[in-house]
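**Student:** Pasting the sequence and the predicted model now:
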Amino acid sequence: MILRHQPSPTYSPASGDPKGSTMSADSSDLSLNASPPPPAPVEKLTPDAFEILLEALLQIRLECHLWKAHFIHIVGHSFPRDTANEYKDVWELMLARAIPTFSPSAYIQFTPLFDEGLRETSARLQKLSIVYARVLPRHVQKRLTKAVRQLEFSIASYRWIPARAANEDPDVLFAARFKAVIRLLRLIAQDADQRLEALVPDRG
């Protein structure tokens, strides 16, 4: 692909109580349902800065898709690929048909996705926001900063599931973690795609 230059829910750990964070987790999940707003026009950039911005957006979307690929790999043959055409994208398919049901074995199976997998995604997104701070629009930097906080919350919340299962439905807790992360990463990937399309309409 050749890119050509064109003219120009936050977790607060104060209480330390995972049960006390249920409301903030639910409200955070709800905030991720909306599609990203149309990207605002970027300031006129030099050709070099323009190319760096394109690379930054490509890497941001790639990080989201890498976690998605990790999810699909763990699900394996049971992933409903045959129904993909019924949905707007694979993210929507995951939300509708691929959320696993809780069981002790399923919890262990998906732990790498929420432990080292999500931790690496969070760290790389944070690094991208720092490395490309000079060219990334402020809105993108704010979204990435908020996303890192939400991903850290999801990592901690996944670990709490066994302890909370005695008092809360583990299926609900388990599904909520997947949905929150999928919606968040989908939103970031879509925003990057829209910005790339606005910058280079014929990039496909």
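**Tutor:** Received, thanks.
**Student:** in this structure, which helix or strand is least confident?
**Tutor:** Across the helices and strands of the chain, mean confidence by mean pLDDT, DSSP states H and E is lowest for helix 22-31: a mean of 40.
**Student:** Tell me which stretches of the protein form helices.
**Tutor:** Taking DSSP state H, the helices of the chain run over residues 22-31, 47-75, 90-97, 104-112, 118-131, 138-164, 170-199.
**Student:** Let's have these in JSON lines, adding mean neighbour count.
**Tutor:** All C-beta spots, glycine's among them, are computed from the backbone N, C-alpha and C. Listed next are those as JSON lines, based on neighbours: other Cβ atoms under 10 Å:
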{"stretch": "helix 22-31", "mean neighbour count": "15"}
{"stretch": "helix 47-75", "mean neighbour count": "17"}
{"stretch": "helix 90-97", "mean neighbour count": "17"}
{"stretch": "helix 104-112", "mean neighbour count": "13"}
{"stretch": "helix 118-131", "mean neighbour count": "17"}
{"stretch": "helix 138-164", "mean neighbour count": "17"}
{"stretch": "helix 170-199", "mean neighbour count": "20"}
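**Student:** Arrange these in CSV, one row each, with distance to Ala84 as further columns.
**Tutor:** Output for those, formatted as CSV (distance: least, Cβ to Cβ, whole Å):
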stretch, distance to Ala84
helix 22-31, 24
helix 47-75, 11
helix 90-97, 6
helix 104-112, 21
helix 118-131, 23
helix 138-164, 25
helix 170-199, 15
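**Student:** and these, which one's lowest on average pLDDT?
**Tutor:** Of all the helices of the chain, mean pLDDT reaches its minimum on helix 22-31 (a mean of 40).
**Student:** thinking Gln141 is in contact with Val131, fair?
**Tutor:** No - contact criterion Cβ atoms under 8 Å: Gln141 and Val131 do not qualify, at 11.4 Å.
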